[in-house]
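Asker: quick one: sequence and predicted model below, then my questions.
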Amino acid sequence: MNYEFKLFDAIIVGSGQGGNPLALALANSGWQVALVEREHVGGSCINTGCTPTKTMIASARIAHLINRAQDYGIDSTAVFVDFPKIIKRKNEIVKSFRDGSRKRLTSTSGITLIEGNARFVGKKELEVELSNGGKEKIKADKIIIDTGARPSKPPIPGFDSANALNSTSIMEIEKIPEQLLIIGGGYVGLEFGQMFHRFGSKVTIIQRNDQLLPLEDKDVAKEIAEILKQEGLQILLDTTTTKINKPANGKIVLTVRENETERTIEGSDLLVATGRVPNTTFLNPEATGITLDKKGFIPMNDQLETTVPGIYAIGDVKGGPAFTHVSYDDHIILLRNILEGGNANISDRILPYVVFIDPQLGRIGMNEKQAKDQGYDYQVAKIPMSWVARAIETDETKGLMKAIIDNKTKQILGAAILGVEGGELMTALQIAMLGRLPYTALRDGMFAHPTLSESFNTLFGSLDS
């Protein structure tokens, strides 16, 4: 059967946190938009990322606080973790978010939601293998690729036979692992490691680098490692996994190398958190003239346009920082340029993010290493959270506050807030950076007492004027 191409004003491949609002905005401006989704509306954030993980982390924090009740003078009974109920709560929240996104899309005039897997078959032409069978061909002058990324599979001998968990499948298990081994000491590995430790697992994190979170400053990473060790997690640095075995007893056995010496580590379950790869394999972008980079990501310019005019890449599929808020900001840049004829670009964005360990790590802008590498004349403001009155009162004094200051402009170049509500404190600094305030405005500002924010007086008061 010969299928005719259906013509749209724009095609968006992927209904993530950039694709969805972009489709809504374009449709509300009178465009006819085809939105293609191969699995779940909402992308990885709602379905397998932010929403489910932070929901489960919240449950783990409650278990941790109950276990600490006596520190606050409260006599409590032992904690019982009802893991199936935790999973049920997570699934209900995910479903409510997903259903809400779907309803907004399907009720908006101008949006055609096509469920299936899309691939390029020609210049700005796509064929969709529909989820319910059959195929549909579509084309448009404007095409936005928002297909995201998925967990990677490391080239470790024995990996395929180990039934290893990834960041998606670990949230669907039916019982708490007795001994959880985690390969990877990045953001994902740390969040899941602390979470499952608090649920009752014995957790070992194997990290091949000499520090956790390799993109962070060494002093921040060292503080995080100490916090996790004090809580009871085992952290192995400078350790490479060379082989994975799953003997007949059902255990997982890792062969690891530390300082040229090999040994084995045994666990009940294995989580692999070694990064993500782009969802471009099926997409066949070469058919429309796009050449992928060596890792499979889609190259684009500062205005998010690929090497083919009129085709754009947003979100994780383009490489770079893989955060929901980056994808959302990508869609804003496209709206300004496509609908308003603007000249917005990504080159001057100040990147914020939060690692939802406890205490949180809130990060904004440059770290100290980046400031040094880029030749800035800078100062470092740094204090422990044990100097913060509110943290003392709530008995959450672990962590530190660190800010990088440009000596010439007195403005904040970046900050790392590892402490209670570190993400919210980081956001306050981000607002100051967006407003181009000198650090002295926060040093001398009057903040309510006792709040966490008044710690800015102390943090910036530690600097030479």
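Answerer: Ah, there it is. Please read all numbers here as calculations on a predicted model, not as lab measurements.

Asker: tell me, how many residues neighbour residue 249?
Answerer: 7 (other C-beta atoms under 10 Å). C-beta here means a position set from N, CA and C on the backbone, and glycine is covered the same way.

Asker: and residue 373, by the same measure?
Answerer: By other C-beta under 10 Å, 10 other residues sit near residue 373.

Asker: and it, how far from residue 271?
Answerer: Residue 373 sits 33 Å away from residue 271, going by C-beta to C-beta, to the nearest Å.

Asker: and the most centrally placed residue in the chain, what does it touch?
Answerer: Residue closest to the average C-alpha location in the chain (C-alpha atoms, centre = their mean): residue 323, at 4.6 Å. Residues near residue 323 by C-beta atoms under 8 Å, 6 or more residues apart in numbering: 351, 353.

Asker: any weak-confidence spans in this structure?
Answerer: By pLDDT under 70, the weakly predicted segments of the chain are 1-3, 465.

Asker: and the lengthiest helix in it, how far out from the chain middle?
Answerer: Longest helix of the chain, by residue count under DSSP state H: helix 83-106. Helix 83-106 sits 19 Å away from the centroid of its parent chain (C-alpha atoms, centre = their mean, to the nearest Å).

Asker: the stretch 201-350 of the chain: helices as residue ranges?
Answerer: If you assign secondary structure with DSSP state H, counting those that start in this stretch, the helices in the stretch 201-350 of the chain sit at 218-231, 324-338.

Asker: can you check the stretch 51-200 of the chain too?
Answerer: Under DSSP H, counting those that start in this stretch, the stretch 51-200 of the chain gives helices at 83-106, 187-199.

Asker: which one of the ones you listed lies nearest to residue 216?
Answerer: helix 187-199 (9.8 Å; C-beta to C-beta).

Asker: hey, C-alpha coordinates of the closest one in CSV?
Answerer: Taking C-alpha atoms only, helix 187-199 is exported to CSV below (Å, rounded to 0.1, in the frame of the first residue of the first chain):
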residue,chain,number,x,y,z
TYR,A,187,24.8,11.8,40.2
VAL,A,188,22.6,8.8,39.5
GLY,A,189,24.7,6.3,41.4
LEU,A,190,24.8,8.5,44.5
GLU,A,191,21.1,9.2,44.6
PHE,A,192,20.1,5.6,44.2
GLY,A,193,22.9,4.4,46.5
GLN,A,194,21.9,6.6,49.5
MET,A,195,18.2,5.9,48.8
PHE,A,196,18.5,2.1,49.0
HIS,A,197,20.9,2.3,51.9
ARG,A,198,18.1,4.1,53.8
PHE,A,199,15.6,1.5,52.7
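
Asker: tell me which strands and helices it is in contact with?
Answerer: Judged by 3 or more C-beta pairs under 8 Å, 6 or more residues apart in numbering; DSSP states H and E, helix 187-199 is in contact with helix 50-67, strand 179-183, strand 202-206, helix 218-231, strand 352-355.

Asker: residues in contact with it?
Answerer: Residues contacting helix 187-199 (C-beta under 8 Å, 6+ apart): 53, 56-57, 59-61, 63-64, 81, 83, 86, 167, 170, 176-177, 180, 182-183, 203, 205, 207, 212-213, 224, 228, 231-233, 271, 273, 355-358.

Asker: buried subset of those?
Answerer: By neighbour count, with 16 or more other C-beta atoms under 10 Å, these hold 53, 56-57, 59-60, 63-64, 83, 86, 167, 170, 177, 180, 182-183, 203, 205, 207, 212-213, 224, 228, 231, 233, 271, 273, 355-358 as buried.
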